[in-house]
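*Asks:* next comes the sequence, and after it the predicted model I'd like to discuss.
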Amino acid sequence: SGQKSMPAIASPYVPEGYELVWSDEFDGAELDSSKWIHRAVGRRRRGGVISADASFLDGAGNLVIETSKVGDEFQSGMVSTQRSFLGKYGYFEARMKFPVHGGQNSGFWLQSPGNTGASAPPGVTGVEIDIIEFYRGRRGGHAANVLHWGGYGDNHKFEKNSELFDDDGDWHTFGLLWTESGYTFYRNGQRTWHTSQSVSHVAEYIILSTVIGQRTNALEKVSLPDRFLIDYVRVYAENDADDGRDTGP
């Protein structure tokens, strides 16, 4: 649909000296195929299957990633910018509202095309950067910031910050400031974690997803569909006067 709408008002959490370089406000009637593709369609992820039908715009300015049961299968969605936009360093932010029920993980994350298990260091292969991974457990909401590198086999390594987080079923804003020296994670403008471990120095793409949990009992007992809503995704880069852009006379 090719919408090119830009935000009227920047989030108050954007670091000073950063300017908008990419965004989707999810306005319009259908997902902008010049920005997003449906990722992992038809693949089983834990207790469910990824379906292209599960990710769509609601017409009210939000991306919906819907969890439903179709026949005997739980389905959910995943979209990515892997064919249209990859960024290295910057401030990445999204405003979102999580699903109501447990048994599923909703995420806003970055992935590197080279994170395949090669023996090269994470700075070279890239790192899966989970800006927010949210799920509801027995003790309430859990919000995690996670780094994964070395692929997902024998070389897999990870570092994680996890907190109990009562989201009150409301909208919340999550951000990542990724620099050459480390990562700082934010929730509603408050810093939740900083680490200088395993810094990726390669361009990465954005993913938004809900993945059904391995054990689906939490979803067997509730009425579906359930929805993960994303109001916007925005990417800001450090404003460098010497970056070659024409700024006028």
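*Replies:* Received it, and whenever you're ready, just let me know what you need.
*Asks:* contact partners for F165?
*Replies:* Listed by C-beta atoms under 8 Å, 6 or more residues apart in numbering, the contact set of F165 reads F134, G140, G141, H142, A143, R187. For glycine as for every other residue, the C-beta is placed from the backbone atoms N, C-alpha and C.
*Asks:* now compare those and name the two farthest from each other.
*Replies:* Pairwise distances across the contacts of F165 (C-beta to C-beta) peak at 15.0 Å, for the pair G140 and R187.
*Asks:* next, count neighbours for the nearest residue to Y183 once chain neighbours are set aside.
*Replies:* Take Y183 and drop its neighbours on the chain: the residue closest to it by C-beta to C-beta, 6 or more residues apart in numbering is T195, 5.7 Å away. By other C-beta atoms under 10 Å, the residues close to T195 number 15.
*Asks:* off-centre distance for stretch 97-115?
*Replies:* 6 Å (C-alpha atoms, centre = their mean, to the nearest Å).
*Asks:* sorry, that was for stretch 45-56
*Replies:* Centroid separation for stretch 45-56 versus its chain: 15 Å, with C-alpha atoms, centre = their mean.
*Asks:* surely S34 touches S84?
*Replies:* Yes - shown here, S34 and S84 form a contact pair, counting by C-beta atoms under 8 Å, at 6.3 Å.
*Asks:* how would you label V124: helix, strand or coil?
*Replies:* In three-state terms, and counting by DSSP: H, G, I helix; E, B strand; the rest coil, V124 is helix.
*Asks:* what's near enough to touch the nearest residue to W36 once chain neighbours are set aside?
*Replies:* Nearest residue to W36 in three dimensions, chain neighbours excluded: V79, at 4.5 Å (C-beta to C-beta, 6+ apart). V79 makes contact with L31, W36, I37, H38, R39, S55, L63, I65, I207, L208, S209, according to C-beta under 8 Å, 6+ apart.
*Asks:* pull up the gap between the fifth one and V79, please.
*Replies:* As defined by C-beta to C-beta, to the nearest Å, R39 lies at a distance of 6 Å from V79.
*Asks:* find the residues that touch each one of the two.
*Replies:* The contact lists of R39 and V79 share I207, S209, where a contact means C-beta under 8 Å, 6+ apart.
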